[in-house]
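Q: Mind folding the following:
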Amino acid sequence: MKYLLFLLTTSILLSSCATVINQEIVPVHVQSNSGPLRFCINKDSSQWYTTPAWITVERSNHQLVITAANDSVEKNIRIPSKISPAFWANLIFPGIYGMVLDLTNNRRFKYPSHILLDLDNPDAYLLPYHGEGNKGLLNMKLSFPDANSFYINNGKKYYSDFGFLGISGGLEYYLTQKRTITATAGGLLNFGFPIPVPLDYDHRYHANTSAAYASLQTGFDIKRFHIDYGAQFTRTLYTIEVARTNPPYLDSIAGYRQNNVGASLSINYKAGNRFSLGLNYYPSVYGWYKRESEWHYSHLLFFEFIFHFQAAYFPEKK
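A: The predicted model follows:
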């Protein structure tokens, strides 16, 4: 029960997607199609950069103005600010109050993470999307599972269950332009509604299923898709709770937990450079708890909303 309350409370506290996920400063990679160009940001001529270069800019609802120049030409390239996908994710979780909180700051805005400077065509500032990362890039991941399927041991038999809500975090490091290694840990619930709301169990016995998991995976990009595979460890928990009229209102009267190991497969669709939709399949073949162990199939299968933001960048030394 404490584990369930911890996951649910954490999900509620993270109640506005853009404010929690987006940093105030966003990294932007700027390059050109005609050799090195000098450029400055928002007409600040005190600091000039040379393409290709990583820069950091502050999120804002104003245009990002890049002044690019070579030996003979100088042009201003105006890049509009747009609403971040993290802001619209509030429609799914946690709802309108998350959007209201995001409206109080500029973290709901975004700029393109990759910009191409073309002095012959200043309007063509967006690089074609190839679904590729950058070698040496370290991303942090924050995700919200919101459709969870369980096939686990309840102490008497293996059974199926379904529910909503969860949270996970992890690190993703690009070994090459396409190849990654990822470590993830999180938890899943069988909550009866896609968003946190009070549920009335009508003073009846209630079976609760939850799971914690950790995985280590390697993966690769295929255009807008990213595929990860590797190994996983899960701990599943089955409890029977009874609703009471006096505190504690929910009391666990029976339960069973089991540790499991097996493989992991994740397929993500990159809706943008910072937002993905993911489907995860964690099949296990061996389970144990205390002195009991067995070879038996079980699984976790869940859909999630994933947010990526850059933690660090380690460029190649030349």
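Q: can you list the domains in the protein?
A: The chain is divided into the following domains under automatic domain parsing: 19-117, 134-313.
Q: Contacts for stretch 276-295, please.
A: Contact with stretch 276-295 is made by 143, 145, 153, 213, 215, 226, 232, 234, 256-271, 296-308, as judged by C-beta atoms under 8 Å, 6 or more residues apart in numbering. (Each C-beta comes from the backbone N, C-alpha and C, glycine too.)
Q: which of these are buried?
A: Neighbour-count burial (16 or more other C-beta atoms under 10 Å) applied to the contacts of stretch 276-295 gives 143, 145, 153, 213, 215, 226, 232, 234, 257-260, 262-268, 270, 298-302, 304-308.
Q: what bits of the stretch 101-250 of the chain have low per-residue confidence?
A: 101-104, 122-133, 197-205, 242-250 (pLDDT under 70).
Q: And the helices in it, which stretches?
A: Read by DSSP state H, counting those that start in this stretch, the stretch 101-250 of the chain holds no helices at all.
Q: Strands of that one, residue ranges please.
A: 109-110, 114-117, 137-153, 158-174, 179-191, 205-222, 225-243, 250-270 (DSSP state E, counting those that start in this stretch).
Q: any idea how far the first one is from the chain center?
A: Right, the one you point to is strand 109-110. Here strand 109-110 is found 17 Å from its chain centre; the criterion is C-alpha atoms, centre = their mean, to the nearest Å.
Q: partners of it, with directions?
A: strand 82-83 (antiparallel) (DSSP bridges).
Q: Pull the residues that contact the strand it pairs with.
A: 108-111.
Q: most surrounded residue in those?
A: Among those, the one with the most neighbours (other C-beta atoms under 10 Å) is Arg108, at 25 neighbours.
Q: Quick check: that one vs Ser84, distance?
A: 6 Å (C-beta to C-beta, to the nearest Å).
Q: Also Ser293?
A: Between Ser293 and Ser84 the computed distance is 47 Å (C-beta to C-beta).
Q: In the chain, which residue sits furthest out from the middle?
A: Ser72 (44.4 Å; C-alpha atoms, centre = their mean).
Q: Need the pLDDT of that residue.
A: On pLDDT, Ser72 comes in at 85.
Q: For it, give me phi and psi.
A: phi -120, psi -20 (degrees, to the nearest 10).
Q: Touching, Asn61 and Asn106? I think so.
A: Yes - judged on C-beta atoms under 8 Å, Asn61 makes contact with Asn106 at a distance of 6.6 Å.
Q: More neighbours: those two, which one.
A: Per other C-beta under 10 Å, whichever of Asn61 and Asn106 has more neighbours is Asn106, with 15 against 11.
Q: if you skip the residues just before and after it, what's nearest to that one?
A: Arg59 (4.6 Å; C-beta to C-beta, 6 or more residues apart in numbering).
Q: who touches that neighbour in this structure?
A: Counting by C-beta under 8 Å, 6+ apart, Arg59 touches 22, 24-26, 81, 106-111.
Q: between those residues, which is nearest Gln177?
A: Val26 (21.0 Å; C-beta to C-beta).
Q: Help me confirm that the closest one is found in a strand?
A: Yes - judged by DSSP: H, G, I helix; E, B strand; the rest coil, Val26 forms part of a strand.
Q: pLDDT value on it, please?
A: 81.
Q: what do you get for Cys17?
A: Turning to Cys17, the model gives it a pLDDT of 56.
Q: neighbour-wise, which of Ser293 and Ser84 wins?
A: Ser84 (24 against 12).
Q: Surely that one touches Lys110?
A: Yes - with contact defined as C-beta under 8 Å, Ser84 reaches Lys110; the gap is 4.2 Å.
Q: distance of the residue nearest to Asn106 from Ile83?
A: Distance from Arg59 to Ile83, by C-beta to C-beta: 11 Å.
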